[in-house]
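return a 3D structure for these sequence lines:
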Amino acid sequence: MNLILRRRFSTTKSTVGQLSVDAQDECWTLEPPVREDKPRAIPPGSYDVSIRYSPKHKRLIPHVENVPGFEEIEIHIGNGPDDTQGCVLVGSAYSLSIPDWISGSKDAFNKLFYLLQHAWDSGERITISIVATLLVFFGLGCAAKRPVHFSPSAVTKIAYEPGSCSFQQDGRVMCTRVYFTLTAIEAK
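All right, here's what the predicted structure looks like:
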């Protein structure tokens with residue numbers, strides 16, 4: 001089983017991505033920001049995933065194995081930056097108007113865990129590849145007048161206006177004019 005985490009958006013508090021399972025969009029993710037100091041997102045790369053007991057959660061949890069500079073990286077339930085010190089949180093919904101938050105975490109986790117547990121019990125190797133595809137910083141001026149929720153598959157194209165991006169001292173890119181092509185938008 002192959003998981004791909006595509007990091008999509010970043011703020012100073014979090015990194016939001018999309019997780020696919022065997023090329024099918026599954027859920028949103030939230031990690032700490034990409035930076036040098038902890039808490040931070042784990043380095044991009046490919047890692048094995050195991051399912052084992054978590055002392056913190058007191059249950060079986062997917063673990064991302066052999067991450068350089070980290071121990072006990074888990075994929076688990078959580079909604080915001082305070083719920084992770086490096087782990088990958090999963091959720092079923094993300095809103096651009098609340099950039100550091102994913103919701104529907106319990107449902108998304110249970111669905112993902114069912115898929116992973118089935119593969120693990122069948123002796124199938126599980127891997128996760130973490131890819132930085134686009135990092136965008138959201139400021140207060142980017143909040144919509146009303147929340148707009150969409151699924152990971154709704155983002156069909158992301159583009160930026162030439163000249164609207166600048167490189168930051170920490171190596172990240174800040175874009176002030178980013179455009180999304182979305183399908184199946186549902187306002188709530």
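
okay, C165: pLDDT?
If you check C165, the pLDDT there is 56.

can you pull out the low-pLDDT segments for this protein?
Applying pLDDT under 70 to the chain picks out residues 133-188.

please enumerate the helices of it.
Ranges of helices within the chain are 105-121, based on DSSP state H.

center of it, which residue is that?
Centroid-nearest residue in the chain, with CA atoms, centre = their mean: T29, separated by 2.6 Å.

what sits against the nearest residue to it once chain neighbours are set aside?
Distances taken as CB to CB, 6 or more residues apart in numbering place G17 nearest to T29, at 4.3 Å, with adjacent residues excluded. Bear in mind the C-beta positions are built from the backbone N, C-alpha and C, glycine included. Residues in contact with G17, defined by CB atoms under 8 Å, 6 or more residues apart in numbering, are L5, R6, R7, R8, F9, W28, T29, L30, E31.

how far away is P43 from D37?
Separation of P43 from D37 (CB to CB, to the nearest Å): 14 Å.

so between those two, which is more surrounded?
Using other CB atoms under 10 Å as the criterion, P43 and D37 rank with P43 on top: 13 against 7.

so the more buried one sits against P68, correct?
Yes - using CB atoms under 8 Å, P43 is in contact with P68, at 6.3 Å.

picking that back up, residues in a beta bridge with the residue nearest to T29, which ones?
R7, T29 (DSSP bridges).

next one: it from M1, what distance?
18 Å.

also T12?
According to CB to CB, T12 and M1 sit 33 Å apart.

neighbour-wise, which of those two wins?
Neighbour totals were compared for T12 and M1, and M1 leads with 16 against 12 (other CB under 10 Å).

next, count neighbours for the spatially closest residue to the more buried one that is not a sequence neighbour.
For M1, ignoring the flanking residues on the chain, the nearest one in space by CB to CB, 6+ apart is A119 at 4.2 Å. When neighbours are counted by other CB under 10 Å, A119 registers 17.
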